[in-house]
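A.B. asks: Structure of the sequence below:
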Amino acid sequence: MTLRNFAALFAGLLFGVGLAMSQMINPGKVLAFLDVAGGWDPTLIFVMGGAVTVTLVAFRWVLHQPAPLLAGRFESPARAELDRPLIIGAAIFGVGWGFAGYCPGPAIGALSLGTAGPWMFVGAMAIGSLSYHWLSSVHTTGSLKTNL
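C.D. replies: Numbering: from 1, shown residues only. A predicted model of the protein is given here:
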């Protein structure tokens with residue numbers, strides 16, 4: 001295992017522990033946070049506030065470095081505009097999050113709970129991602145052939 005892979009594994013484990021400790025892997029807690037018109041539970045604001053604070057501090061330091069510690073250069077998105085697929089995808093993501101109480105990271109973390117809900121969500125998420133990949137390749141090539 002390379003140092004870069006080990007760092008990714010450690011970061012993922014740390015992220016998962018943070019999600020579990022903050023109860024972000026509990027769909028009931030997330031749905032109560034999203035229910036602003038009913039029994040709203042605002043405690044996840046502190047999770048978001050902590051993440052934003054750490055990011056603000058860390059990014060100021062990190063972006064002043066000549067390169068990342070384990071990569072040759074910083075990668076940034078090639079495009080920055082808001083387009084139709086981004087807006088539609090964000091809306092679908094929000095609806096899915098509101099229905100299920102999971103978003104991708106916490107859902108993967110919740111797999112460790114051994115309950116069916118996260119497994120069904122992650123399976124459906126994978127099918128949705130693969131379907132989008134397949135449909136977008138059909139749309140751009142006009143053919144049913146794809147390179148999955």
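
A.B. asks: For this structure, which helix extends over the most residues?
C.D. replies: helix 116-141 (DSSP state H).

A.B. asks: what's that one packed up against?
C.D. replies: helix 84-100, helix 104-110 (3 or more CB pairs under 8 Å, 6 or more residues apart in numbering; DSSP states H and E). Where C-beta positions appear, they are placed from N, C-alpha and C, glycine not excepted.

A.B. asks: same thing but at 7 Å, please
C.D. replies: Other elements packing on helix 116-141 under the criterion 3 or more CB pairs under 7 Å, 6 or more residues apart in numbering; DSSP states H and E are helix 104-110.

A.B. asks: May I see the buried residues of stretch 94-112?
C.D. replies: Gly96, Trp97, Ala100, Gly101, Tyr102, Cys103, Pro106, Ala107, Ile108, Gly109, Ala110 (16 or more other CB atoms under 10 Å).

A.B. asks: hang on, I meant stretch 124-137
C.D. replies: Met125, Ser137.

A.B. asks: pLDDT (mean, whole number) over that stretch?
C.D. replies: Per-residue pLDDT over stretch 124-137 has a mean of 89.

A.B. asks: Could you write out the alpha-carbon coordinates of it in CSV?
C.D. replies: The C-alpha atoms that make up stretch 124-137 are tabulated as CSV, following Å, rounded to 0.1, in the frame of the first residue of the first chain:
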residue,chain,number,x,y,z
ALA,A,124,-30.0,2.2,-5.6
MET,A,125,-27.4,4.9,-5.7
ALA,A,126,-25.0,2.7,-7.7
ILE,A,127,-27.8,1.7,-10.1
GLY,A,128,-28.7,5.4,-10.5
SER,A,129,-25.1,6.3,-11.2
LEU,A,130,-24.6,3.5,-13.7
SER,A,131,-27.9,4.3,-15.4
TYR,A,132,-26.9,8.0,-15.8
HIS,A,133,-23.5,6.9,-17.2
TRP,A,134,-25.2,4.5,-19.6
LEU,A,135,-27.9,7.1,-20.7
SER,A,136,-25.4,9.9,-21.1
SER,A,137,-23.1,7.7,-23.3
